[in-house]
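S.K.: quick one, structure for this:
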Amino acid sequence: MSSQGHRLRTFLGISPAVVLVEVREAAGSTPREAGAWMLVSTDAIFGTIGGGQLEFMAIDRARQMIADAASADLLDVPLGPEIGQCCGGRVKIDLTLADEALREEIAERIARADALRPHVYLFGGGHVGRALAEALALLPLKVTVVETRADAVGDLPESVEVELTAVPEDAVRAAPAGSAFIVLTHDHALDFLIVAEALARGDAAYVGMIGSRTKRATFRSWYLKDAGGSEEAAARLVCPIGGADVKDKRPAVIAALAAAEVMRGLAV
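M.R.: Prediction:
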């Protein structure tokens, strides 16, 4: 179960009364799309329908429902200056007091969403690898750190999976189609082998390797001359990860920039 799934189960377990707040219709410019939802209890919330005055109104209405023991309600809200939220659209929101069946259905929603999360494989658990794992763990992704060294995979977020293997290329071959691969091991030669395997798949959403333009050029020469790779495949490699515009090379900064690249590649 993902960390989001654990948080949901905890929220439902400690909240005797919960209202499901769900966007039924979203016309024009709105904070969230139809189908976006959140849960509201007397003293906590789970999720968001976009924040702002619209969400505050929905939370207030949900808590009034709990106080009145009401089972359902509907909000129809134009997003204009009257509520201090000038998106210009219009939103209809269903509010439903969650019984046991609805609570279970909500938990199943999270499970289904978890099953559809894109896979991201981080090869290497060093400083940047750990920073990337922490950044990506906050996103709707299934993250796996692949390492050859058992002592390099400590202190990772709970939702991040770990695969210890002597042959990291096997993890590339076993990955689902459309996965993202970020390569940042302790060994440049190993990096090259993993990247070559990822490019050979032809179906990766993103293939990135930590390094400089010089490392990219060295890889390209090896890949074309010794590994039998093509120019077309080599062009799909992102290196350096995170781009070259920002000069700050602290792990957390590289991780933030690379995480944005991965999300664009996955088009999540």
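
S.K.: list the contacts of G28.
M.R.: L79, C87, G88, G89, R90 (Cβ atoms under 8 Å, 6 or more residues apart in numbering). Using the backbone N, CA and C atoms, a C-beta is placed for each residue, glycine as well.

S.K.: so after the lowest-mean-pLDDT helix or strand in the chain, what's the next helix or strand?
M.R.: When the helices and strands of the chain are scored by mean pLDDT, DSSP states H and E, helix 3-14 comes last with a mean of 86. Secondary structure here is assigned by DSSP states H and E; on that basis, the next helix or strand after helix 3-14 toward the C-terminus is strand 19-27.

S.K.: summarise which helices and strands whichever helix or strand comes after that next one is packed against.
M.R.: Proceeding N to C from strand 19-27, the next assigned helix or strand is strand 37-40, under DSSP H and E. Using 3 or more Cβ pairs under 8 Å, 6 or more residues apart in numbering; DSSP states H and E as the contact criterion, the neighbours of strand 37-40 among helices and strands are helix 3-14, strand 19-27, strand 45-47, helix 52-68.

S.K.: doesn't R250 make contact with H127?
M.R.: No. H127 sits out of contact with R250 when judged by Cβ atoms under 8 Å, with a separation of 9.0 Å.

S.K.: what about those two, which has more around it?
M.R.: Regarding H127 and R250, a neighbour count based on other Cβ atoms under 10 Å identifies H127 as having more, with 14 against 11.

S.K.: state the distance from the closest residue to that one other than its chain neighbours to L132.
M.R.: Closest residue to H127 in three dimensions, ignoring its sequence neighbours and counting by Cβ to Cβ, 6 or more residues apart in numbering: P251, at 4.5 Å. Summarising the geometry, the distance separating P251 from L132, computed by Cβ to Cβ, to the nearest Å, is 8 Å.

S.K.: neighbour-wise, which of these two wins?
M.R.: Taking neighbours as other Cβ under 10 Å, P251 and L132 compare with L132 leading, 32 against 17.

S.K.: next, the buried residues of stretch 226-237.
M.R.: Along stretch 226-237, the positions that meet the burial threshold by neighbour count (16 or more other Cβ atoms under 10 Å) are A227, G229, A233, A234, L237.

S.K.: how about the residues you listed in CSV, adding pLDDT?
M.R.: Conversion of the buried residues of stretch 226-237 to CSV gives the following (pLDDT from 0 to 100):
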residue, pLDDT
A227, 95
G229, 95
A233, 96
A234, 97
L237, 97
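
S.K.: now the helix or strand containing E261: buried residues?
M.R.: Under the criterion DSSP H and E, the helix or strand holding E261 is helix 251-266. Using 16+ other Cβ under 10 Å as the test for burial, helix 251-266 gives P251, I254, A255, A256, L257, A258, A259, E261, V262, M263, G265, L266.

S.K.: and the contacts of it?
M.R.: Residues lying outside helix 251-266 but in contact with it, judged by Cβ under 8 Å, 6+ apart, are 118, 120, 127-128, 130-132, 134-136, 139, 141, 178, 180, 182, 205-206, 208, 210, 238, 241-243, 246.
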